[in-house]
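Visitor: heads up, no residue letters with this:
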């Protein structure tokens, strides 16, 4: 009886969470234990594939499951119209453009693909500040995986401009950002538009760099814009 109960317990522990917000750990070769949050819609049904949203947190003081907190405060309310599955890792290094961070993100994406019903035509990467820079980076490095991007309050990270916005990209930036200058972000978007890229620039007002929650309404606009592009 004891052996049977232990076996049942192991099965339950290894089951993937069904619905709601969960904070989990994914072992990634060469990186270690990657903490991440995942949000699964209440009406999730494996027979109906969902969009996947990858949420990349900003910098600042790190805490355990920082990605999950960012997901719940900003990303989940901003992309709710998409009714997606959302994954939000903790960055394992100082920045999302580091090789180990890239491996962690892509391992988590593959984990989601393998274990949930994901519509691979609808995979969005979104991030704020440090995470916004990571959004530019991940989208430019993996255009075969991501089908839309929403960088917020972010510099591009130094990628060649010809590699940027290879998929629909909605850029959000405040004119009153005192950390990441507004003008270069706007100029970059205009250059990409001239190149024929599908990109939209949403300029905000009266929001400082650390007023991240103030971006939620703009993120809702961005999610609706992305959804319209996915229809096409």
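Guide: Received it, and whenever you're ready, just let me know what you need. Because the structure is predicted, anything quoted here is derived from the model rather than measured.

Visitor: low-confidence stretches in the chain?
Guide: 1-16 (pLDDT under 70).

Visitor: would you map the strands across it?
Guide: Under the criterion DSSP state E, strands of the chain are mapped to 20-28, 32-40, 50-56, 85-89, 118-128, 148-152, 169-174, 199-204.

Visitor: just say which of those is most tucked in.
Guide: For those, the largest average neighbour count (mean count of other Cβ atoms under 10 Å) is found in strand 148-152, namely a mean of 30. Just so you know, the C-beta spots here come from the backbone N, C-alpha and C atoms, and that holds for glycine as well.

Visitor: starting at the chain centroid, how far to it?
Guide: On the basis of Cα atoms, centre = their mean, to the nearest Å, strand 148-152 sits 8 Å off its chain's mean C-alpha point.

Visitor: quick one: contacts for residue 179?
Guide: By Cβ atoms under 8 Å, 6 or more residues apart in numbering, the contact set of residue 179 is 129, 153, 209-210.

Visitor: show me where this structure has helices.
Guide: 2-14, 66-70, 76-78, 99-115, 130-141, 182-194, 216-231 (DSSP state H).

Visitor: just list whatever residues bridge to the closest residue to residue 215 other than its chain neighbours.
Guide: Distance criterion Cβ to Cβ, 6 or more residues apart in numbering; nearest residue to residue 215, sequence neighbours excluded, is residue 152 at 5.4 Å. Per DSSP bridges, the residues bridged to residue 152 are residue 128, residue 172.

Visitor: can you pull the contacts of residue 152?
Guide: Taking Cβ under 8 Å, 6+ apart as the definition, contacts of residue 152 comprise 126-129, 131-132, 135, 171-173, 215, 218-219.

Visitor: follow-up on the earlier one: just the buried ones among the contacts of residue 179, please.
Guide: The neighbour-count criterion (16 or more other Cβ atoms under 10 Å) marks 129, 153, 209 among these as buried.

Visitor: and those residues, which is closest to residue 68?
Guide: residue 129 (17.2 Å; Cβ to Cβ).

Visitor: thinking the closest one is in contact with residue 185, fair?
Guide: No - the criterion here is Cβ atoms under 8 Å, and residue 129 misses it with residue 185 at 11.7 Å.

Visitor: grab the nearest non-local neighbour of residue 84.
Guide: Once flanking residues are discounted, residue 84 sits nearest to residue 51: 4.0 Å by Cβ to Cβ, 6+ apart.

Visitor: hang on, I meant residue 104
Guide: Leaving out its chain neighbours, the residue that sits closest to residue 104 by Cβ to Cβ, 6+ apart is residue 34, at 4.6 Å.

Visitor: tell me what the one you found is bridged to.
Guide: With DSSP bridges as the rule, residue 34 is bridged to residue 26.

Visitor: same deal with the one 5 residues further on?
Guide: Note on residue 39: beta-bridge partners residue 21, residue 86, judged by DSSP bridges.

Visitor: that'll do, ta.
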